[in-house]
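# Fold the following and give me the result.
(chains A and B)
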Amino acid sequence: AQTVTQSQPEMSVQEAETVTLSCTYDTSENNYYLFWYKQPPSRQMILVIRQEAYKQQNATENRFSVNFQKAAKSFSLKISDSQLGDTAMYFCAFRSNFGNEKLTFGTGTRLTIIP
Amino acid sequence: DVKVTQSSRYLVKRTGEKVFLECVQDMDHENMFWYRQDPGLGLRLIYFSYDVKMKEKGDIPEGYSVSREKKERFSLILESASTNQTSMYLCASSFLGGSGGFDEQYFGPGTRLTVT
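Got it, this is the predicted structure:
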């Protein structure tokens, strides 16, 4: 079974700074999908960024980028020029390319952006 | 925009009651999921369904059942609610076999259930 580990329960950073959230995972598969989801306070979970394991290029979405290290099974999220609206719980998630399409989530990192 | 709605944002029930949580999606998604979210544990999958009347157990199905009579609706049932089922419940949906950008799960706003 796959596992996803987020070792930073809480983080805080000053507005406009850059912050990196860590995620490691364990799988024996070669093809899979990785996601970062954001859950703002009292609001719906939304997808931030996704990465397909067969793609070597790191995904980027505006101020959000990932550092995908397949051999190390590491998938960190970098937020550049952080904004107050980035304050949220962030979850890393794994989806197998085989069998059912469930997501396996990490325990989350609560990120606070300080004005 | 994809919309996933859940019947209640907050719910308070008594121990032993039968509880129904409803989820509706409007994107014609085949997959639907029920997760529970607890502090320090992240999201854990309870049940999922990839078609009408089809269901599969997730990681923590004990004490729960589900029903999917129509493609757009997926219900989570607590047959006899217990205090350890106090939690946030999140519904999600996605395309079956989605890839290349179509693999995203869309989440509802959640139902915070308290069992007293």
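# who in chain B is up against chain A?
B:31, B:33, B:35, B:40-45, B:48, B:50, B:56, B:58, B:90, B:92, B:94, B:96-101, B:103-105, B:107-110 (CB under 8 Å from any CB of the partner chain). Where you see a C-beta, it was placed from the backbone N, CA and C, and this is true even at glycine.
# if you look at those residues, which of them are in strands?
Those of the residues of chain B next to chain A mapping onto strands are B:31, B:33, B:35, B:42-45, B:48, B:56, B:90, B:92, B:94, B:107, per DSSP state E.
# quick one: the nearest residue to residue A:16 once chain neighbours are set aside from residue A:19, how far?
Once flanking residues are discounted, residue A:16 sits nearest to residue A:81: 5.7 Å by CB to CB, 6 or more residues apart in numbering or on different chains. Applying CB to CB, to the nearest Å, the value for residue A:81 to residue A:19 is 10 Å.
# Centroid-nearest residue for chain B?
For chain B, residue B:34 is the residue whose C-alpha lies nearest the centre (CA atoms, centre = their mean; 2.5 Å).
# contacting residues for that one?
Residues counted as contacts of residue B:34 (CB atoms under 8 Å, 6 or more residues apart in numbering or on different chains) are B:21, B:23, B:45-48, B:58, B:64, B:66, B:74, B:76, B:89-91.
# what pairs with it across the strands?
Per DSSP bridges, the residues bridged to residue B:34 are residue B:47, residue B:91.
# and stretch B:83-92, average pLDDT?
For stretch B:83-92, the mean pLDDT works out to 97.
# Send over it as CSV, restricted to the C-alpha atoms.
Taking C-alpha atoms only, stretch B:83-92 is exported to CSV below (Å, rounded to 0.1, in the frame of the first residue of the first chain):
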residue,chain,number,x,y,z
THR,B,83,-19.1,9.4,19.2
ASN,B,84,-15.9,8.2,17.4
GLN,B,85,-17.6,9.1,14.1
THR,B,86,-17.5,12.8,15.0
SER,B,87,-15.5,14.3,12.1
MET,B,88,-15.5,16.3,8.9
TYR,B,89,-16.8,14.4,6.0
LEU,B,90,-15.8,15.3,2.5
CYS,B,91,-17.3,14.1,-0.8
ALA,B,92,-15.4,14.2,-4.1
